[in-house]
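1. pasted the sequence and its predicted model underneath.
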Amino acid sequence: MILSVDELQFLYRNRKILHEIAFSIDEGEVVAILGPNGVGKTTLLKCLNRILNPRGGTVHIDGENLSDLGTMEIARLIGYVPQRVETGRLTAFDAVLLGRRPHIKWDIAEKDLKIVDSVFKLLSMENLRLSYIDEMSGGELQKVAIARSLVQEPKVLLLDEPTSSLDLRNQVEILAVIRQIVLQHKIAAVMTMHDLNQAFRYADRFILLKGGKVHAYGGAEVITPQVIEEVYGLPVVIGEISGMRCVVPGSPVWDCKISYAASK
């Protein structure tokens, strides 16, 4: 077990956002956090790496209680990719190199430069090395953020909607690379996602949140039409195309009717 979460709670202005969240993840696993907007997906990620301080519960990585660790110690264990990435007048290479900061003692070493180079190649980003990040598209900037988290060599990757700014080809490429890295390096990844079909394809386990609580947690067997309707309020059909399961939305429960007035 690489990540263990027990009875995690978070309050915002005395309003409970997360209620007794508990789950565990083994190395080599990709976990998707699913649920409607505003349910607490991003808040949960930020509690996992202590960007937000939980009001109760514990988070352990490799047996280490994160509440006992400092910022740099946590950064050596966890790589975090937020939804929105801050820009500045830095080249992509320098921005990614900043991810090595938790491992640098006195000065940048040859090892640090080689790790950065290898991640640029892994993500097919060589052409962006000397580009300034404040001139990049949203998709390019997202790839830089993912690269920066990878050079940290973390035990756990936390990614908040990692494909939200990417086109279809780059979505598939990035998710496939994340899965490859998780398996090869025996780490774990936790991603918030909105696309249930992408989650089906690339995740091993699923956490479905409803009302700030874990409504369902497990493998593909927990993703049923009933559970999806309970969480999203929308009926769906789950089928199979080319050997892959997929979710097809049905009619909304409110059964919208649009009438068109014929022009005369």
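-> Now that the structure is in, tell me what you want to look at. Being a predicted model, the structure only gives us computed values, none of them experimental. Numbering: from 1, shown residues only.
2. so for stretch 208-228, what gets flagged as buried?
-> 208-210, 212, 214-217, 223, 227-228 (16 or more other C-beta atoms under 10 Å). Bear in mind the C-beta positions are built from the backbone N, C-alpha and C, glycine included.
3. in strands only, show me those.
-> Judged by DSSP state E, these include 208-210, 214-217 as members of strands.
4. which of these lies closest to Thr43?
-> Distance to Thr43, by C-beta to C-beta, is smallest for Leu209 among these, at 9.7 Å.
5. is that closest one in a bridge, and if so with what?
-> Val214 (DSSP bridges).
6. sorry, back to before: out of the buried residues of stretch 208-228, what pair is the most spread apart?
-> Taking C-beta to C-beta, no two of the buried residues of stretch 208-228 sit farther apart than Gly212 and Ile223, at 20.0 Å.
7. returning to that earlier point: same list (the buried residues of stretch 208-228) but as a markdown table, adding pLDDT and distance to Gly250.
-> Output for these, formatted as a markdown table (pLDDT from 0 to 100; distance: C-beta to C-beta, whole Å):
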| residue | pLDDT | distance to Gly250 |
| --- | --- | --- |
| Leu208 | 97 | 18 |
| Leu209 | 96 | 22 |
| Lys210 | 95 | 19 |
| Gly212 | 92 | 26 |
| Val214 | 96 | 25 |
| His215 | 96 | 19 |
| Ala216 | 96 | 19 |
| Tyr217 | 96 | 24 |
| Ile223 | 93 | 15 |
| Val227 | 96 | 14 |
| Ile228 | 95 | 10 |
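8. want to try a markdown table for the residues you listed, with distance to Ala188 as columns?
-> Below are the buried residues of stretch 208-228 laid out as a markdown table (distance: C-beta to C-beta, whole Å):
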| residue | distance to Ala188 |
| --- | --- |
| Leu208 | 18 |
| Leu209 | 19 |
| Lys210 | 23 |
| Gly212 | 23 |
| Val214 | 17 |
| His215 | 22 |
| Ala216 | 19 |
| Tyr217 | 15 |
| Ile223 | 19 |
| Val227 | 23 |
| Ile228 | 24 |
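9. where along this protein do the helices fall?
-> 41-48, 71-77, 92-97, 110-122, 138-150, 168-185, 196-202, 225-232 (DSSP state H).
10. could you dump these to CSV with distance to Lys16?
-> Shown next, in CSV, are the helices of the chain (distance: least, C-beta to C-beta, whole Å):
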stretch, distance to Lys16
helix 41-48, 11
helix 71-77, 24
helix 92-97, 37
helix 110-122, 39
helix 138-150, 29
helix 168-185, 31
helix 196-202, 26
helix 225-232, 19
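11. of all the ones you listed, which one comes closest to Phe10?
-> Per C-beta to C-beta, nearest to Phe10 of the helices of the chain: helix 41-48, 5.4 Å.
12. the inter-axis angle of the closest one versus strand 213-218?
-> 80 degrees (axes from the mean of the first three to the mean of the last three C-alpha atoms, to 10 degrees).
13. low-confidence ranges in the stretch 151-264 of the chain?
-> 251-264 (pLDDT under 70).
14. go again using 50 as the cut-off
-> Scanning the stretch 151-264 of the chain for pLDDT under 50 picks out 256-264.
15. could you pull up phi and psi at Gly211?
-> phi 60, psi 30 (degrees, to the nearest 10).
16. could you measure from it over to Gly40?
-> 9 Å (C-beta to C-beta, to the nearest Å).
17. try Arg101
-> 29 Å.
18. so those two - more neighbours on which side?
-> Applying other C-beta atoms under 10 Å to Arg101 and Gly40 shows that Gly40 carries more neighbours, namely 24 against 15.
19. next up, the contacts around that one.
-> Applying C-beta atoms under 8 Å, 6 or more residues apart in numbering, one finds that Gly40 lies in contact with 10, 17-18, 209, 212.
20. now do 10 Å
-> By C-beta atoms under 10 Å, 6 or more residues apart in numbering, Gly40 lies in contact with 10, 12, 16-19, 21, 33, 46-47, 192, 209-213.
21. how close does it get to Ala22?
-> As judged by C-beta to C-beta, Gly40 and Ala22 stand 14 Å apart.
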